[in-house]
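**Student:** how would this look folded up:
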Amino acid sequence: MSLSVARTTKNPKGIVVFSGGSAANSLVDVFKTVAERKHCALSCVIPISDNGGSTSELIRVLGGPGIGDLRSRLVRLIPENGNAERAAIKTFFNHRLPKSVNEARHEWLDIVESRHALWQGISTEKKELIRSFLNLFNLEVVKRIRPTSTFDFSSASVGNLFLTGARIFSGSLESAIYLLSSICGVPENTAVLPAINTNFTHHISAGLLDGTIITGQNSISHPSVPTAVPDVLSPTRETEEHDDIEDANLPGSLPTLRKQNIVFSKEAEEDFPARVDRIWYINPYGQEIRPPANPKVLDAIASSQAVVYSIGSLYTSIIPNLILRGVGQTISSPAIKHKILILNSTLDRETGPSSSPFTALDFVAAIAKAGASSSQGEGFVDVPPFQYKSYVTHVLHLDGPGTPKVDRAELTELGIETVRLYGRRTDGEGFLRYDENALTQALEVVIGGGKDLRPDRSRRNTLDN
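**Tutor:** Next up is the predicted model:
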């Protein structure tokens, strides 16, 4: 084979997207389109540290990783294309049971006993395959029921229950993801990768600049009482009360990690008393640990042409991926030319203390700090600003009311290019959204091969849709 033929048949490097769940799901079609046009693989890296909503009940009773964001991305990737069965499967795995405990339990029984209308449109062979894992999950729950602890099905995602049943059956999180991907028809060139390949629960803690410690992703993202690591030799009364409950958590574990977080509010979030300084993983007793990244994540990054930090919660969706051992070192390699931050269009509880709102440079600094710390010992390390470009080379952003401030000259001086896009405002929403076409074009221009629509051809100016 001639050298020219070998070059044309070589698989192009892929695109890796770091994100959480719901926020980044709105941009999935953008990432798919860019990967398809470049004829390359798309890898979505998702953290497994979520402990809120119905996931908290799965962790409390059965243990295991937080799978809600994994399920959300897998189902979002289902290519319907007018296929009625795939549309029915998407509806099925996205379905949530009622909020009422009794209504949820009755509806769950209708599902596992094939009486529910959700099964309509799903072929018999797929229905019975799906139902077998739901029944396995149901059996596991029945086995674990105790007078002090019963499983609460309220607001549970059917897709989460399926993934848990498949994981318990195979003993492998990745096998469960593969099964759901196969049933849903997720394209072969698209991979959903858990940041940590594990059958165990991994929680995170946040340390604020004033010394406050908040434990558990749900508590970090949403208003809560700060929770410090307890003295394991002197259990608190709350810990002792939890010791009377039979569940999947180790006795003596931090109380905030052993309770239900099914119901919480995303509205009217309270400011932190100070900025977040760093995020770290903890064991069930609250002690800091440094878990390694999923080897497949490191392989995907090493063989990528572009790394994308998607929109979402900075400290609970993006950074839990970056602080894992090996991730930062792999991203910082000069072989990866494009490291693109899609800046949030609004500030949240994690980045928007009213006294000190985050700027684009603050986002970049937090990512660089997390990446550099992943290959260090305990604690975060300070990164000189001139090294930020090792982790972020481009910032794509919107410009409007409520958007983070972007100092273009400041970032340019650090070797980081900025691309400003015009967004759109949806009725009833008080913030801008990225226009999918404009964002697709911007990513193609930055990565290379796309048509640059800007009049002056300078990537440091704006991209007008």
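
**Student:** Neighbours of the closest residue to Thr346 other than its chain neighbours, how many?
**Tutor:** Leaving aside its sequence neighbours, Thr346 sits nearest to Phe431 (C-beta to C-beta, 6 or more residues apart in numbering; 4.3 Å). The C-beta positions use only the backbone N, C-alpha and C, and glycine is treated the same way. Counted with other C-beta atoms under 10 Å, residues neighbouring Phe431 total 16.

**Student:** What residues does Phe431 make contact with?
**Tutor:** Phe431 makes contacts with Ser345, Thr346, Gly402, Arg425, as judged by C-beta atoms under 8 Å, 6 or more residues apart in numbering.

**Student:** From those residues, which land in strands?
**Tutor:** Among the contacts of Phe431, DSSP state E puts Arg425 in strands.

**Student:** Neighbour-wise, give me the winner out of the contacts of Phe431.
**Tutor:** Ser345 (21 neighbours).

**Student:** quick one, what contacts it?
**Tutor:** Contacts of Ser345 by C-beta under 8 Å, 6+ apart are Ile311, Leu398, Gly400, Gly402, Thr403, Gly423, Phe431, Leu432, Arg433, Tyr434.

**Student:** So what's the residue count around the last one?
**Tutor:** Looking back up the chat, that one is Tyr434. Around Tyr434 there are 24 residues (other C-beta under 10 Å).

**Student:** Please apply the same query to the third one.
**Tutor:** Counted with other C-beta under 10 Å, residues neighbouring Gly400 total 12.

**Student:** backbone phi and psi for the residue nearest to it when sequence neighbours are not counted, please?
**Tutor:** Closest residue in space to Gly400, ignoring its immediate chain neighbours: Leu432 at 4.9 Å, by C-beta to C-beta, 6+ apart. Dihedral angles of Leu432 (phi, psi; degrees, to the nearest 10) stand at phi -80, psi 150.

**Student:** Show the pLDDT at Leu432.
**Tutor:** Reported pLDDT at Leu432 in the predicted model: 89.

**Student:** Touching, it and Arg425? I think so.
**Tutor:** Yes - using C-beta atoms under 8 Å, Leu432 is in contact with Arg425, at 5.7 Å.

**Student:** Below-threshold pLDDT in the stretch 151-300 of the chain: ranges please.
**Tutor:** Counting by pLDDT under 70, the stretch 151-300 of the chain contains low-confidence residues at 223-243, 252, 262-269.

**Student:** Would you map the helices across it?
**Tutor:** Taking DSSP state H, counting those that start in this stretch, the helices of the stretch 151-300 of the chain run over residues 158-170, 173-184, 217-221, 237-242, 295-302.

**Student:** nearest to Ala274, of these?
**Tutor:** Smallest distance to Ala274 across the helices of the stretch 151-300 of the chain (C-beta to C-beta): 13.3 Å, for helix 217-221.

**Student:** same for that closest one, what does it pack against?
**Tutor:** strand 203-208 (3 or more C-beta pairs under 8 Å, 6 or more residues apart in numbering; DSSP states H and E).

**Student:** List the contacts of the strand it packs on.
**Tutor:** By C-beta under 8 Å, 6+ apart, strand 203-208 touches 49, 51, 213-217, 220, 229, 257, 272-282, 284, 286, 288, 315-316, 320.

**Student:** got it, and stretch 331-340?
**Tutor:** Here stretch 331-340 has contacts from 301-302, 304-309, 322, 371-372, 390-396, 443, 446-448, using C-beta under 8 Å, 6+ apart.

**Student:** So which of those are in helices?
**Tutor:** Judged by DSSP state H, helices contain the following of those: Ile301, Ala302, Leu322, Gly371, Ala372, Leu443, Val446, Ile447.
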